[in-house]
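Asks: Provided below for reference: sequence and predicted model.
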Amino acid sequence: MGTRLTTIERLERWKEAGVITEAQHGALVDIVARNRFSIYVELNALLYVGVVSIVAGLGWTFRDYVVNLGDVAILSILGLLMAGAFGYCFTKGPAYTNDESESSAFGFDYVLYFACLVMSATLAFIEARFAVFHGWDTHLLFAALVFGALAYRFDNRFVLSLALSTLAGYLGLKISAFDTLDTDRLRFAGFLYGAFLIGVGVLLHQRRIKAHFLDVYLQLGANALLLAAISGVLEPDNGWAYLVVLLALAATSIYLGVRYRRFAFVTYGTLYGYAGLSARLLDAMGGIIIGLTYFIVTGSIVVILLVVLARRIGRDE
Amino acid sequence: MMIYPQDDERAIRQQRMVEDWTKSGLLQPEQRDRMIPELQVDLRRTNRFLRITLFIFGYLIVNSVVGLFAVFLDLRNEAGTVLAFVAAAGFFALAQWMVSRYRLYRFGIEEAAAIAGASFFTVGAALFMHSNPSSLQAFLAAAGGAFILFSRFGYVYAGVAAVVFAAVIPFNFEFVASDTARRLMAGVILLLIFGLARERRKDHDWEFPGDSYGVLETTAWIGLYLMANLKLSPWLSSPDDVPQFYWATYVAIWVLPPIGLFLAVRDRHRWMLDASIVMAIVTMMSNKPYLGAEQKPWDPILFGVLMIAIALGVKRWLASGADGSRRGFIAERLLASERERLGVVGSAAALAPGAPAPHSHPAPEIGGGGRSGGAGASGKY
């Protein structure tokens, strides 16, 4: 120690000490020295950009040329694309398993994603042109259910995210909507959405059905619940009630985060809880000196508690 | 001079590699257990979430302390400048003390003190000898302060900030009215930083601090592209109507990405590779606006098909090489961390701007109404 060993020198030492085999040494040196260099992530990123771009272009083209092309032609094109993509997925896809599974072929995940996006566009077109769902956003619920089923069938996190965000769309949720639509109804939808996600995620995890998806559910669900609660804290009528709910949720998030060593939830609970409490208290107290003193005192308490937590259980990064 | 021993910095990075290799199946857990003790360092660290939280609260506290002083003492003008400089020195010293006394490493709280030091130095410099804040002095101080943090504590984000602030300095020259001249000066600064960072990176051959300099090198390269692409950076300043410069930048945006790709491929430079790919994509998107040509609705389709064709073509070309690679480049995943990166992107896709909006259903009509149900396709029909 203390000799500024490079990684390759360390690997050499481990090989000489018999910690790693000759073959392992060779493979690891190749990676460290970049003699083997994977561009797996870059190629996947290109496919993702390509798929999203094509669907965006289709939407733009059909919007501008709907009169020239006609409904039948547009629906035929969308239908063919969808059928081709879904057909490929179901014929070439791997068999279903409850465990995590790798894609059967390079680009497979993006064919599925493309199929889902085209399906979204098709449903939106049908709704816009023929109003078959009568404006109740039923097409969003339908799309969310189909995407959810496909995400599990093909073990695709992109499509699961698409399903969950589409479900949020069905419930009238969108993060930016909190700026303008701060109604109790919207918040109730937020609570419902968050609780539903966490419930489904935990249930499926307990049954060992794609247990690795749990984090997606918990992250989205926790943020939906906390965001819904904090958005009502400054309401004149029932702001204190929202604050009580927020603090209860924040405390739960911190407790469970510590218990299960998922520190993202400790962060969420701390930040949302502190922001909500501070907003309400400072709104009631007022005054710049009181405000600054409040931040110094309460901020220091939070820091001390977090440092204690970090020293006791906060694992090294 | 770095406050942390270079050995410790390298050991921390090697710990991460060993964990990644184990997750990737390249090492057995028993082997990992024999390696990790050799890489232990006498530094207090925490996970990234507690680090972020501690940073936020630490920064809130130090700013409140200074704010309270300013309010209590009713400081104005020169006195405010003095307070900012005193706070800058005090917080920088506090950060150093926390590191040397408590051996904190990326713990959040010492970072908050260090960043506050640089922030107050910037504020003090902006107010120094001026009744109205001087943006030139502010950016000079910000660039210098951020670089000191990078050099002393090794914070890569501070190094990136230093490069960005340095590039913006010419845009605050009051004696240079021409945007063309300002962009050229910024380009020279960035080219200089690129060359210096590149040399420093090569000195260490991807070992610390070479990896950090690789990030600065890429940042400077991206900055150079941003300065050149007039269609991408009108928010920075309004370009002059100098035809020669306009067409020179058009050539530059087509030349920079291939050069970047060439350097990245030759040096196996991941950051440069990713940056150059993004630049190439942006160049294609900027082409029609540059030429004043009309955007067609099917342009994104052609662009998307091209991206997919490139990805599949490169994948097939690499796979057809001996041992599934060409000069060491492979299309397959080597490490678990690569899969995790994609997984994070997949989860984050739920929060993407293309996520569906709440639907209010207007009466259907040709060319209007309706939104999509899924991400990315929210156009009207």
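Replies: Good, I have the coordinates. Numbers count the residues shown, from 1 in each chain, chains lettered A, B, ... in the order given.
Asks: got the contact list for B:H204?
Replies: B:210-211, B:213 (Cβ atoms under 8 Å, 6 or more residues apart in numbering or on different chains). (Each C-beta comes from the backbone N, C-alpha and C, glycine too.)
Asks: mind putting these into CSV with secondary structure, pLDDT and neighbour count?
Replies: Converted to CSV, the contacts of B:H204 look like this (DSSP: H, G, I helix; E, B strand; the rest coil; pLDDT from 0 to 100; neighbours: other Cβ atoms under 10 Å in any protein chain shown):
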residue, secondary structure, pLDDT, neighbour count
B:G210, helix, 94, 16
B:D211, helix, 95, 17
B:Y213, helix, 97, 23
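Asks: for A:L81, state which of those residues is nearest.
Replies: Comparing the contacts of B:H204 against A:L81 with Cβ to Cβ places B:D211 closest, at 43.2 Å.
Asks: the closest one touches B:Q14, doesn't it?
Replies: No. With contact defined as Cβ atoms under 8 Å, B:D211 does not count as touching B:Q14 (11.9 Å).
Asks: list residues touching both of these two?
Replies: Counting by Cβ under 8 Å, 6+ apart, nothing touches both B:D211 and B:Q14.
Asks: how about the residues of the stretch 201-317 of chain A near chain B?
Replies: A:215-216, A:219-220, A:263-264, A:266-267, A:270-271, A:274, A:288-289, A:292-293, A:295-296, A:299-300, A:302-303, A:306-307, A:309-311, A:314-317 (Cβ under 8 Å from any Cβ of the partner chain).
Asks: show the buried residues in the residues you listed.
Replies: A:215-216, A:219-220, A:263-264, A:266-267, A:270-271, A:274, A:292, A:295-296, A:299-300, A:302-303, A:306-307, A:309-310, A:314 (16 or more other Cβ atoms under 10 Å in any protein chain shown).
Asks: list the buried residues of stretch A:62-72.
Replies: For stretch A:62-72, the neighbour count (16+ other Cβ under 10 Å) marks A:62-64, A:66 as buried.
Asks: does that stretch reach chain B?
Replies: Yes. Stretch A:62-72 reaches chain B (Cβ under 8 Å from any Cβ) through A:62-67.
Asks: mark which of the residues you listed are part of strands, please.
Replies: Here DSSP state E is the test, and these give no hits in strands at all.
Asks: now pLDDT too, for those residues, in a markdown table please.
Replies: Listed next are the residues of stretch A:62-72 next to chain B as a markdown table, based on pLDDT from 0 to 100:
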| residue | pLDDT |
| --- | --- |
| A:F62 | 90 |
| A:R63 | 88 |
| A:D64 | 89 |
| A:Y65 | 86 |
| A:V66 | 81 |
| A:V67 | 78 |
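Asks: restricted to helices, list the residues you listed.
Replies: Of the residues of stretch A:62-72 next to chain B, the ones assigned to helices by DSSP state H are A:62-64, A:66-67.
Asks: for the nearest residue to B:E9 once chain neighbours are set aside, helix, strand, or coil?
Replies: Among residues not flanking B:E9 along the chain, B:F208 sits closest, at 4.5 Å (Cβ to Cβ, 6 or more residues apart in numbering or on different chains). Three-state call for B:F208 (DSSP: H, G, I helix; E, B strand; the rest coil): coil.
Asks: wait, B:G154 touches B:V215, no?
Replies: No. The pair B:G154 / B:V215 is not scored as a contact, 11.4 Å apart, by Cβ under 8 Å.
Asks: how about low-confidence regions in chain A?
Replies: Applying pLDDT under 70 to chain A flags residues A:1-3, A:134-136, A:173-182, A:314-317.
Asks: host element of the one residue sitting closest to the centre of it?
Replies: In chain A, the residue lying closest to the centroid (Cα atoms, centre = their mean) is A:V216, at 5.1 Å. Assigned by DSSP states H and E, A:V216 belongs to helix A:214-230.
Asks: so which elements touch that helix?
Replies: Under the contact definition 3 or more Cβ pairs under 8 Å, 6 or more residues apart in numbering or on different chains; DSSP states H and E, helix A:214-230 sits against helix A:157-170, helix A:184-206, helix A:239-259, helix A:263-285, helix B:336-348.
Asks: would you mark the buried spots in the second one?
Replies: Applying a neighbour-count criterion of 16+ other Cβ under 10 Å, the buried positions in helix A:184-206 are A:186-187, A:189-191, A:193-194, A:196-198, A:200-201, A:204-205.
Asks: contacting residues around that helix?
Replies: Residues outside helix A:184-206 that contact it (Cβ under 8 Å, 6+ apart): A:164, A:167-168, A:171-173, A:177-178, A:210-211, A:213-214, A:216-218, A:220-229, A:231-232, A:238, A:242.
Asks: quick one: it to chain centroid distance?
Replies: Relative to its chain's centre, helix A:184-206 lies at 14 Å (Cα atoms, centre = their mean, to the nearest Å).
Asks: same check, this time on stretch A:30-40
Replies: For stretch A:30-40, the distance to the chain centre is 30 Å (Cα atoms, centre = their mean).
Asks: buried ones in that stretch?
Replies: If you call a residue buried by 16+ other Cβ under 10 Å, then stretch A:30-40 has these buried ones: A:31-34, A:36-40.
Asks: which of the contacts of helix A:184-206 are buried, as a ChimeraX select command?
Replies: Applying 16+ other Cβ under 10 Å to those leaves a buried subset, and the ChimeraX line that selects it is:
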select /A:164,167,168,171,172,173,177,178,210,213,214,216,217,218,220,221,222,223,224,225,226,227,228,229,231,232,242
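Asks: tell me which element B:M185 is part of?
Replies: Assigned by DSSP H and E, B:M185 falls within helix B:179-204.
Asks: what are the buried residues along that helix?
Replies: By 16+ other Cβ under 10 Å, the buried positions in helix B:179-204 come out as B:179-180, B:182-187, B:189-190, B:193-194, B:197-198, B:200-201, B:204.
Asks: what's the host helix or strand of A:G50 packed up against?
Replies: A:G50 belongs to helix A:40-64 when assigned by DSSP H and E. Using 3+ Cβ pairs under 8 Å, 6+ apart, the elements in contact with helix A:40-64 are helix A:71-92, helix A:108-130, helix B:270-291, helix B:299-319, helix B:336-348.
Asks: how much does that helix deviate in direction from helix A:71-92?
Replies: Taking axes from the mean of the first three to the mean of the last three Cα atoms, to 10 degrees, helix A:40-64 and helix A:71-92 form an angle of 160 degrees between their directions.
Asks: thought A:L46 was touching B:I310, still the case?
Replies: Yes. Proximity of B:I310 to A:L46 meets the contact threshold set by Cβ under 8 Å, at 6.0 Å.
Asks: ok, residue 15 - contacts?
Replies: Just so you know, I chose chain A. Contacts of A:K15 were listed using Cβ under 8 Å, 6+ apart, and they are A:21-22, A:24-25.
Asks: not quite, I wanted chain B
Replies: Neighbour list for B:Q15: B:36, B:39 [criterion: Cβ under 8 Å, 6+ apart].
Asks: if you count neighbours, what's buried in the helix or strand encompassing it?
Replies: B:Q15 is part of helix B:6-23 when elements are defined by DSSP H and E. Across helix B:6-23, burial judged by 16+ other Cβ under 10 Å covers B:8-12, B:14-15, B:17-22.
Asks: domain parsing for the chain?
Replies: Picking chain A for this. Listed by automatic domain parsing, the domain ranges of chain A are A:1-37, A:39-170.
Asks: wait, chain B was what I had in mind.
Replies: Domain assignment for chain B by automatic domain parsing gives B:43-175, B:180-321.
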